[in-house]
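K.L.:
below is the sequence, then the predicted model.
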Amino acid sequence: MSRAENQTTEGLGYDAVLLASFGGPEGQDDVIPFLRNVTAGRGIPDERLEEVATHYRANGGVSPINEQNRDLLAALEAEIARRDWSLPLYWGNRNWDPYIPEALQQMYDDGHRRVLMLVTSAYAGYSSCCQYREDIAQAYEKTGLEGKIDVVKIRQFFYDRAFIAPFQEALAAGLEDVRAQLAAKGEPDAQPKVVFVTHSIPTAVADAQGPDHVKAEYGTDAYTAQHLAVARTLMETVPEAAGLEHSLVFQSRSGAPTTPWLEPDINDAIEEYAAAGTRGVVVMPIGFVSDHMEVKWDLDTEARDTAAELGLAFHRAPTPGTHAAFVGGLVDIVAEQLHGAGGQAPARGEQVVPGDWGDICCVTGCRPMLTARSGARRPVAESAPAPSDSAPSDSAPSAQAGPASR
Ligand SMILES: CC1=C(CCC(=O)O)c2cc3nc(cc4[nH]c(cc5[nH]c(cc1n2)c(C)c5CCC(=O)O)c(CCC(=O)O)c4C)C(CCC(=O)O)=C3C
Ligand SMILES: [Fe+2]
């Protein structure tokens, strides 16, 4: 086949990719309408909204998240062009312009009928997976395009090399920095503690999330279990972290004070560690793919201040952002759903966090028909033996993607 023929969208099985994200305000006037969009009907107290508004106000009313998504889009486009595929990218957000329904309409108007949705959240869970499927269902309703354009959500990727590799690099660099800070303070023998952090969610929501075999294996809810598995893999695969203590803590608690959310909060945890003799922390924001407002405020402002007050050395590691391994790996995960892309053997993601995660999104409240089945069941890295029930499957990653039918 000639290169020109390879570039037809028919050859790929899908004709566009929708990058779906959270969205954020772009100026002071956007802040309150944005927060209303996020919390509509969710019972978040006004005091909490006013408090969160100050985080955005301090940054000119601008969340960094939209700029980060524009950068990610450009990087993904460049990688797709490098592979000689004709697969245009679109962008739509849940809570701010450009919104998902408008992106859906635009894709339809541009002639696309089969779309893969790539979400800027790595984990399974309500906010990170199920809610995006609901967003698409709502977009079908709003545009009247149900049955006229198909959107298929790509699987979660917290266990992929794409997501883990940038954090491995970040952990090694963070440890080097904290060790240097400790040496400069005349405490060369003090050992840093590695603090993995993710977004808190209500414990009732966490408890409702399966699957049961994951709960049984980790002795906790599946949301927490995914993060524990990521943390464990990072500790085991980064040589600089050998022998260090680590923990999983939470940030950005919302809701009413009487509703229990996952704990401990990162600030309480840092206080506790300081009291127990810890002299320095490397904070690993494994819950997120970019350094957006929850990272800038809750970690770079609040947690950093907490550590400074207690005299602790502090380093906040970067999220994957537009790291080349992340961008390339995401395109490999997209490619699992394409057949014969570029006339070459299909690329696929590589699982490096062991575990049989299956095709989890969440158990309750999900519309099951919208997620593409995972094609990425590869053996895990030698350093981390796979449980016996997670045998790799050799099924072709393109099996789901039939030719575009118009
Ligand atoms: C699990 C999870 C993720 C990670 C998965 C994912 O990435 O999707 C995440 C990401 C994000 N959360 C974000 C912002 C906000 N989240 C809020 C509220 C809430 N988050 C929740 C959970 C999560 N949130 C929950 C259970 C609530 C309570 C209300 C509700 O049930 O929905 C509120 C309302 C005010 C407040 O109460 O904090 C805001 C402003 C931004 C954008 C940051 C920026 O602007 O740069 C991002 C990426
Ligand atoms: Fe949130």
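P.N.:
Received it, and whenever you're ready, just let me know what you need. Residues are numbered from 1 along each chain as shown. Ligands and ions are numbered 1, 2, ... in the order given.

K.L.:
quick check: next helix or strand after the one helix or strand Val194 maps to?
P.N.:
Element membership of Val194, judged by DSSP states H and E, is strand 193-199. Downstream of strand 193-199, the first helix or strand assigned by DSSP H and E is helix 203-207.

K.L.:
quick revisit: tell me what the strand holding Val194 is packed against?
P.N.:
Helices and strands touching strand 193-199, by 3 or more C-beta pairs under 8 Å, 6 or more residues apart in numbering; DSSP states H and E, are helix 222-237, strand 246-251, helix 266-275, strand 280-284. No exception for glycine: its C-beta is placed from N, CA and C like everyone else's.

K.L.:
redo that, cut-off 6 Å
P.N.:
Contacts defined by 3 or more C-beta pairs under 6 Å, 6 or more residues apart in numbering; DSSP states H and E place strand 193-199 against strand 246-251, strand 280-284.

K.L.:
which ones are touching Ala225?
P.N.:
Applying C-beta atoms under 6 Å, 6 or more residues apart in numbering to Ala225 gives the contacts 214, 218.

K.L.:
can you give me the pLDDT of His55?
P.N.:
pLDDT, His55: 97.

K.L.:
quick check: Ala242 vs ligand 1, distance?
P.N.:
Distance of Ala242 to ligand 1, given as C-beta to the nearest ligand atom, to the nearest Å: 30 Å.

K.L.:
sorry, slip of the keys, the one I care about is Gly243.
P.N.:
Gly243 is 31 Å from ligand 1, where distance means C-beta to the nearest ligand atom.

K.L.:
can you give me the neighbour number for that residue?
P.N.:
Residues near Gly243, counting by other C-beta atoms under 10 Å, number 6.

K.L.:
which secondary structure element contains it?
P.N.:
Counting by DSSP H and E, Gly243 is part of no helix or strand.

K.L.:
so Val115: helix, strand or coil?
P.N.:
Here Val115 is strand, with the state taken from DSSP: H, G, I helix; E, B strand; the rest coil.

K.L.:
got the contact list for it?
P.N.:
16, 18, 107, 151.

K.L.:
get me the contact residues on the protein for ligand 1.
P.N.:
By the rule C-beta under 6 Å from any ligand atom, the part of the chain lying against ligand 1 is 22, 24, 35, 38-39, 42, 44, 48, 52, 63-65, 121, 125, 127-128, 199, 201, 252, 254-255, 287-288, 292-294.

K.L.:
quick one: buried ones out of the residues you listed?
P.N.:
The neighbour count (16 or more other C-beta atoms under 10 Å) marks 22, 24, 35, 38-39, 44, 48, 52, 63, 65, 121, 125, 127-128, 199, 201, 252, 254-255, 287-288, 292-294 as buried among the residues of the chain next to ligand 1.

K.L.:
and the helices in the stretch 301-406 of the chain?
P.N.:
Taking DSSP state H, counting those that start in this stretch as the criterion, the stretch 301-406 of the chain contains helices spanning 304-309, 324-335.

K.L.:
what's near enough to touch the closest residue to ligand 1 within the stretch 51-200 of the chain?
P.N.:
Closest residue of the stretch 51-200 of the chain to ligand 1, C-beta to the nearest ligand atom: Ser63 (3.3 Å). Ser63 is in contact with 24-25, 293, counting by C-beta under 6 Å, 6+ apart.

K.L.:
just the ones of these in helices?
P.N.:
Met293 (DSSP state H).

K.L.:
let me have the contacts of Ser63 in CSV, extended by pLDDT.
P.N.:
Shown next, in CSV, are the contacts of Ser63 (pLDDT from 0 to 100):
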residue, pLDDT
Gly24, 98
Pro25, 98
Met293, 97
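
K.L.:
ramachandran angles for His213?
P.N.:
Dihedral pair for His213: phi -70, psi -30, per degrees, to the nearest 10.

K.L.:
measure the closest residue to ligand 1 within the stretch 301-406 of the chain to Asp291 for me?
P.N.:
At 10.3 Å from ligand 1, Thr319 is the closest residue in the stretch 301-406 of the chain, using C-beta to the nearest ligand atom. Counting by C-beta to C-beta, to the nearest Å, the separation of Thr319 from Asp291 is 5 Å.

K.L.:
what do you get for Gly277?
P.N.:
Distance of Gly277 to Asp291, computed by C-beta to C-beta: 30 Å.

K.L.:
sorry, back to before: go through the helices and strands packed on strand 193-199 and pick out the most buried.
P.N.:
Greatest average neighbour count among those goes to strand 280-284 (a mean of 26), per mean count of other C-beta atoms under 10 Å.

K.L.:
residue farthest from the centroid of this protein?
P.N.:
Distance from the C-alpha centroid of the chain, by C-alpha atoms, centre = their mean, peaks at Gly186 (37.9 Å).

K.L.:
check contacts around that residue.
P.N.:
For Gly186, the contact set (C-beta under 6 Å, 6+ apart) is empty.

K.L.:
so where's the chain shaky on pLDDT?
P.N.:
Applying pLDDT under 70 to the chain picks out residues 1-11, 210, 340-346, 362-406.

K.L.:
what's the domain layout of it?
P.N.:
Domain assignment for the chain by automatic domain parsing gives 3-24+63-156+322-370, 161-316.
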